[in-house]
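In: No letters, just coordinates:
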């Protein structure tokens, strides 16, 4: 039986390496947290390393439901993955997941757990920009140029601003 995660989904996840994971807090409010280590585990699972997300971890312990959104920035398209998460610590999943990410990134982070998501549903995400832009190649060209302009604008801002210490302003996810 074919898996849920298609080759295109794999390509988008590999390209983005960043997702936004939504969980639910004990009082029923949404918790949205960026995850920079999202990867495909197999045809039916995604995973990410829980590096600095105590709120996400606590929410998943209470309720395993999670939605992960992954969008390729230049193509302005991606996927919504809904499923049930399992937290893994000091087991084979943890060892394999950390090995995969660390071997690709060349960095090691303190990892509290590995979040393995059994994907039950995957839906496509497309930018409304496709109403005005004919195809993905044109969209990517448009956003390469726009991204360059946005990066230049932000670099100028940074040059004229005091340095930000992320450790002082970080909030738990």
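Out: It's in. Source: prediction; values computed, not measured.

In: Where is the longest helix in the chain?
Out: As assigned by DSSP state H, the longest helix anywhere in the chain is helix 136-159.

In: in that one, what's buried?
Out: Neighbour-count burial for helix 136-159 flags 139, 140, 143 (criterion: 16 or more other Cβ atoms under 10 Å). For glycine as for every other residue, the C-beta is placed from the backbone atoms N, C-alpha and C.

In: Tabulate the residues you listed (CSV), appending pLDDT.
Out: Shown next, in CSV, are the buried residues of helix 136-159 (pLDDT from 0 to 100):
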residue, pLDDT
139, 97
140, 96
143, 96
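
In: Take those and write them to TSV, including distance to residue 118.
Out: Listed next are the buried residues of helix 136-159 as TSV, based on distance: Cβ to Cβ, whole Å:
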residue	distance to residue 118
139	31
140	32
143	32
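
In: in this structure, which spans are helices?
Out: Ranges of helices within the chain are 7-16, 54-62, 92-105, 136-159, 166-169, based on DSSP H.

In: where in this protein is pLDDT low?
Out: Applying pLDDT under 70 to the chain picks out residues 1, 167-173.

In: What are the neighbouring residues in contact with the spatially most central residue of it?
Out: Nearest to the mean C-alpha position of the chain, by Cα atoms, centre = their mean, lies residue 19 at 1.6 Å. When contacts are counted by Cβ atoms under 8 Å, 6 or more residues apart in numbering, residue 19 is found next to 13, 34, 35, 38, 48, 68, 69, 70.

In: What distance do you get for it to residue 68?
Out: The gap separating residue 19 from residue 68 is 5 Å, by Cβ to Cβ, to the nearest Å.

In: same question, residue 122
Out: Using Cβ to Cβ, which is the criterion applied here, residue 122 is 10 Å from residue 68.

In: from the chain's centre, how far out does stretch 135-146 sit?
Out: Average the C-alpha atoms of stretch 135-146, do the same for its chain, and the two points are 22 Å apart (Cα atoms, centre = their mean, to the nearest Å).

In: which other residues reach it?
Out: By Cβ under 8 Å, 6+ apart, the list of residues contacting stretch 135-146 from outside reads 73, 74, 75, 76, 77, 127, 129, 130, 133.
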